[in-house]
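Enquirer: need a structure here:
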Amino acid sequence: MMTPLLQAIAFLIETSSWLLRAQSTPADVGLYVGRSNIYLYSSRMFTLVFTASLAFAIESGQPIHAIFTIIYATFILSAVFHVGLMFDTFRSGAMQVISGALLLPPRGRVGHTAGMHIVGTRLFWLTTATSIIFSISLTAPILGAILLPEYRLSISYVGQIINFFGTIIILLFVDQILFKAIDAQQIDEVIMSYVGGRLVGFVLIGVVFLCIGLNI
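Expert: Numbers count the residues shown, from 1 in each chain. I've put the predicted structure just below:
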């Protein structure tokens, strides 16, 4: 049951890489972006081990309900980690540890969580949508191997196509909003909309897979 933890860590790394960038100032934004990219790329290792472990579970004949349990546990655990990031104490402590490991000066508190205005922002909804898209692209090849084994190779490429469009949406919309906020020194005002969007996206997709898993 370590498999869900692997991808949950990968999602946490992706989100916290933007929290790292949010600590930057105009004088050292390049340093923070460069170091956060190194940190971000480490998430791919966890994703690769996650997908390999899940593929092995399928090929070794694990029952379908066990596979769905792994999938929904992955997203629910990811949501739990992101709930932690919504709290100042946990978020600031995590940033101090990660910043220190990357030899970056920690800047203390990151992001403002006061009020529910984050839910009404364009960034929140775009982040929620892209989180769901990436979750679908991650699980599509696995579901294809279970439900349509004769078309599993074709479905694996469908997952890559979904991932491509999700990446384009992130680059054109989500990342642009965040980088502009860094340039304008307003990242503290919007970063929690990004974290909140990731949280809601993982909750929604986790609940969907939970419902499917309970009814198969």
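Enquirer: could you use CA atoms for every contact and neighbour count after this?
Expert: Fine.
Enquirer: residue contacts, A73?
Expert: Residues near A73 by C-alpha atoms under 8 Å, 6 or more residues apart in numbering: P4, G206.
Enquirer: what separation do you get for it and A145?
Expert: 19 Å (C-alpha to C-alpha, to the nearest Å).
Enquirer: and N215, by the same measure?
Expert: 19 Å.
Enquirer: show me which of those two is the more surrounded one.
Expert: Looking at N215 and A145 with other C-alpha atoms under 10 Å, you find the greater number of neighbours at A145, namely 19 against 8.
Enquirer: helix or strand for that one, which one?
Expert: Using DSSP states H and E, the element containing A145 is helix 122-147.
Enquirer: which helices and strands does the following helix or strand past that helix pack with?
Expert: Per DSSP H and E, the first helix or strand lying C-terminal to helix 122-147 is helix 152-169. Secondary-structure packing of helix 152-169 (3 or more C-alpha pairs under 8 Å, 6 or more residues apart in numbering; DSSP states H and E): helix 122-147.
Enquirer: relative to helix 122-147, how tilted is the worst-scoring helix or strand of the chain on mean pLDDT?
Expert: One helix or strand of the chain scores below all others by mean pLDDT, DSSP states H and E: helix 152-169, with a mean of 79. Put simply, helix 152-169 runs at 170 degrees to helix 122-147, going by axes from the mean of the first three to the mean of the last three C-alpha atoms, to 10 degrees.
Enquirer: chain center to helix 152-169: distance?
Expert: Averaging C-alpha positions (C-alpha atoms, centre = their mean, to the nearest Å) puts helix 152-169 17 Å from its chain's average.
Enquirer: buried set for the helix or strand following that helix?
Expert: The helix or strand immediately downstream of helix 152-169 is helix 175-183, counting by DSSP H and E. By neighbour count on 16 or more other C-alpha atoms under 10 Å, the buried set for helix 175-183 is D175, I177, L178, F179, A181, I182.
Enquirer: any chance of these in JSON lines, plus distance to V80 and pLDDT?
Expert: What follows is these, written out as JSON lines (distance: C-alpha to C-alpha, whole Å; pLDDT from 0 to 100):
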{"residue": "D175", "distance to V80": "24", "pLDDT": "91"}
{"residue": "I177", "distance to V80": "25", "pLDDT": "90"}
{"residue": "L178", "distance to V80": "23", "pLDDT": "92"}
{"residue": "F179", "distance to V80": "26", "pLDDT": "91"}
{"residue": "A181", "distance to V80": "27", "pLDDT": "89"}
{"residue": "I182", "distance to V80": "27", "pLDDT": "90"}
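Enquirer: using TSV, lay out these together with distance to L123.
Expert: Formatted as TSV, these follow (distance: C-alpha to C-alpha, whole Å):
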residue	distance to L123
D175	9
I177	7
L178	9
F179	12
A181	11
I182	14
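Enquirer: hey, where'd the helices end up in this structure?
Expert: Shown for the chain, the helices assigned by DSSP state H span residues 3-21, 29-41, 43-59, 64-85, 88-101, 122-147, 152-169, 175-183, 187-214.
Enquirer: least reliable of the ones you listed going by mean pLDDT?
Expert: Among the helices of the chain, helix 152-169 carries the lowest mean pLDDT, a mean of 79.
Enquirer: just the buried positions in that one, please.
Expert: R152, I155, S156, V158, G159, Q160, I162, N163, G166, T167, I169.
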